[in-house]
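Q: what follows is a predicted protein model with its sequence.
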Amino acid sequence: MTSARNSRLLNFRLVLIDGSLMRLLTLRNPDGVSLPHESIRIGRRFAHALTDAIRRRFDLHTMQLTVLPESASATRCAVHEILHAQPQSRATLSFEKLENIPTSEITEEEREAVERIMKGQETTFGRFGRFGWIDDFMARIGLDIDRNSIRHLNQGFDFCLMTFRDIRGASFWFKAVGEPNLREYAITHLLVRRFPAFLPRIVTSVPEWSGWVAEHVEGMPLDMFLSLNGWTRVLKSLTALQEEAAMSISMIREAGATDCGCAHLKAALDPFIEQMQRAMHAQTSTAVAQLSDDELDQMRAQLVAAITILEDSGIPNSLLHRDIGHGNVIVSPTGAKFLDWAEAGIGHPFLSAEHLLASHECIHPMGGSERQVLRDFYARLWNVHASTRQIELATKSSPAVAALAYGIDTWESSATRSCPEHVWPFLRSIVRRTKRELEAVSGSLA
């Protein structure tokens, strides 16, 4: 039991740099000094989990600069900049020069990388792997930030997500993006400009970092709502946004939104099914049966029919949020605000509603009847665009087509990876989900 629990943890050595001393926080022990170690659950964002742990353990606010490349050590090495003065003196803590850290705690390659970071000579970890970048940021945005209020939520190469307050107590978010999500900068600015009721207001931008500061949205994440009320409010806001966005499709496409339209899905269907046939043949697990080539061919024909129903529904293509769950929807007193548009797309609007309902299923797995109520509620909002029969058919077709669209998007994204076969187990599960959705409406799509 203990080993299984530990297998779900990632262990880190922490390099916590005090900029005023240019020294590292260490733990004193009978054998000398050592770096602090911390464990976090697999799946948590490193920056968020580690900064929280450091704050609880040492009463220090830090900013993660980078996680150094894995070495021969059993643990990874996370480098943080301390954002305020050192903690109260403790007998077990000390601040040591980098050269005094024993080789048992840090490899020579890691030591050299940390030294370059401290001297401002390291450029291989992106713009947010640079020591002191937070001071540059504060000077650029023109806000008086309470440094102790900064909470670092995510960090990567040219990527940052954090919250903070100004000295008056107003709360803000800062987000900066790099490849492969660079388009999110242009898409977000376009959507805020065109549809300000549905996104947080941007206070200021840092174009050279592809970053922006947005106001904090008062409200609750959708995944905290147990009743249908919050979900219906979000579906109503989603429909209003999509109806407005349908008139600005060319601009949204030019900003970088992905083509997820019915024509694209049809064009991708044959090569996707062929790939899934290979993926099924490669399955070694016996926990679930493989889908045969004949079953996949039958699915192909059913999916063409389902896509055609959406295509002929009379409902216009519009803006899709392809990552609409996972806390990316805030229910505010004035309606829903939609966050994180890295996965913006253009296609049949029912697909976004289905992705939202898939998030509902993750949160409320026993709520199948509630999801059908929500699905029907959303569909009725589109009655002005299509006949009752067209809406009925589109509603029945969209769960399978949405699952397919998710699978095709995952498959296309994996094509650039060194080993695209790594996603085959996940894609096999998506294909089985698509098959179940088709079976649920078998005979009712004609």
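A: Sure thing, it's come through.
Q: contacts and neighbour counts: CA atoms only from here.
A: OK.
Q: which residues in the stretch 151-300 of the chain form strands?
A: Secondary structure of the stretch 151-300 of the chain, counting by DSSP state E, counting those that start in this stretch: strands at 151-156, 159-165, 171-176, 202-206, 211-215, 220-221, 258-259.
Q: and the fifth one, what does it pack onto?
A: Using 3 or more CA pairs under 8 Å, 6 or more residues apart in numbering; DSSP states H and E as the contact criterion, the secondary-structure elements in contact with strand 211-215 are strand 171-176, strand 202-206.
Q: for the ones you listed, which one sits closest to residue 152?
A: strand 171-176 (9.6 Å; CA to CA).
Q: deepest in the core, which of the helices and strands packed on strand 211-215 is it.
A: Highest mean neighbour count of the helices and strands packed on strand 211-215: strand 171-176, a mean of 21 (counted as mean count of other CA atoms under 10 Å).
Q: I'd like to check the angle between it and strand 211-215, please.
A: Here strand 171-176 runs at an angle of 160 degrees relative to strand 211-215 (axes from the mean of the first three to the mean of the last three CA atoms, to 10 degrees).
Q: can you list contacts of strand 171-176?
A: When contacts are defined by CA atoms under 8 Å, 6 or more residues apart in numbering, strand 171-176 is touched by residues 158-165, 185, 209-216.
Q: give me that answer again for 6 Å
A: By CA atoms under 6 Å, 6 or more residues apart in numbering, the residues outside strand 171-176 that reach it are 159-165, 210-216.
Q: got the angle between that strand and strand 202-206?
A: Using the same axes, to 10 degrees: strand 171-176 against strand 202-206 is 30 degrees.
Q: neighbouring strands for strand 171-176, and are they parallel or not?
A: Strand 171-176 has the following strand partners under DSSP bridges: strand 159-165 (antiparallel), strand 211-215 (antiparallel).
Q: distance from the chain centre to the longest one, please.
A: The offset between the C-alpha centroid of strand 159-165 and the centroid of the whole chain comes to 14 Å, using CA atoms, centre = their mean, to the nearest Å.
Q: what's the answer for stretch 133-150, then?
A: The answer for stretch 133-150 is 24 Å, by CA atoms, centre = their mean.
Q: quick check: closest non-adjacent residue to residue 216.
A: residue 172 (4.8 Å; CA to CA, 6 or more residues apart in numbering).
Q: about what we covered before: now the contacts of strand 171-176 in a markdown table, with pLDDT, neighbour count and distance to residue 423?
A: Formatted as a markdown table, those follow (pLDDT from 0 to 100; neighbours: other CA atoms under 10 Å; distance: CA to CA, whole Å):
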| residue | pLDDT | neighbour count | distance to residue 423 |
| --- | --- | --- | --- |
| 159 | 96 | 21 | 24 |
| 160 | 97 | 22 | 26 |
| 161 | 97 | 18 | 27 |
| 162 | 97 | 19 | 30 |
| 163 | 96 | 18 | 33 |
| 164 | 96 | 21 | 36 |
| 165 | 96 | 20 | 40 |
| 210 | 97 | 18 | 30 |
| 211 | 97 | 22 | 30 |
| 212 | 98 | 20 | 32 |
| 213 | 98 | 21 | 34 |
| 214 | 97 | 19 | 34 |
| 215 | 96 | 17 | 37 |
| 216 | 94 | 17 | 35 |
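Q: from those residues, which two are the most distant?
A: The widest separation within those (CA to CA) is 21.0 Å, between 165 and 210.
Q: buried set for the longest helix seen in the chain?
A: When the chain is parsed with DSSP state H, its longest helix is helix 388-414. Neighbour counts over helix 388-414 (16 or more other CA atoms under 10 Å) mark 390-411, 414 as buried.
Q: helix/strand/coil for residue 95?
A: Assigned with DSSP: H, G, I helix; E, B strand; the rest coil, residue 95 falls in the strand class.
Q: before we move on, what about the one 10 residues further on?
A: Under three-state DSSP, residue 105 falls in the coil class.
Q: ok, now how distant is it from residue 54?
A: Distance of residue 105 to residue 54, given as CA to CA, to the nearest Å: 18 Å.
Q: re the thing from before, ok, the residue nearest to residue 216 to residue 139 distance?
A: In this view, residue 172 and residue 139 are 16 Å apart by CA to CA.
Q: same question, residue 435
A: Distance from residue 435 to residue 139, by CA to CA: 54 Å.
Q: please say which of these two ends up with more neighbours.
A: Just comparing residue 435 and residue 139: by other CA atoms under 10 Å the higher neighbour count belongs to residue 435, 21 against 11.
Q: part of a helix, is that one?
A: Yes - assessed by three-state DSSP, residue 435 belongs to a helix.
Q: per-residue pLDDT, it?
A: Per-residue confidence (pLDDT) for residue 435: 97.
Q: do the one 10 residues further on as well
A: Among the per-residue scores, residue 445 holds a pLDDT of 75.
Q: got it, and residue 1?
A: Per the predicted model, pLDDT is 38 at residue 1.
Q: same check, this time on residue 7
A: So residue 7 comes in at 55 (pLDDT).
Q: next, work out how far apart residue 100 and residue 38 are.
A: Using CA to CA, we find residue 100 at a distance of 21 Å from residue 38.
Q: now residue 381
A: With CA to CA as the criterion, residue 381 and residue 38 are 50 Å apart.
Q: so where do the helices sit in the stretch 51-200 of the chain?
A: For the stretch 51-200 of the chain, helices defined by DSSP state H, counting those that start in this stretch occupy the ranges 108-118, 133-141, 183-194.
Q: buried stuff in the longest one?
A: Buried residues in helix 183-194, defined by neighbour count with 16+ other CA under 10 Å: 183-189, 191, 194.
Q: that one - what's its average pLDDT?
A: In the prediction, helix 183-194 has an average pLDDT of 97.
Q: gap between it and the chain center?
A: 17 Å.
Q: list of residues touching that helix?
A: Taking CA under 6 Å, 6+ apart as the rule, helix 183-194 contacts 199, 210, 255-256, 341-342.
Q: I'd like to know which elements the longest strand seen in the chain is packed against.
A: Counting by DSSP state E, the longest strand found in the chain is strand 9-18. Here strand 9-18 touches strand 23-29, strand 37-41, strand 76-82, going by 3 or more CA pairs under 6 Å, 6 or more residues apart in numbering; DSSP states H and E.
Q: quick one: distance of the helix or strand where residue 439 lies to the chain centre.
A: Here residue 439 sits within helix 424-440, counting by DSSP states H and E. Offset of helix 424-440 from its chain centre (CA atoms, centre = their mean): 22 Å.
Q: that concludes my questions; thank you for your assistance.
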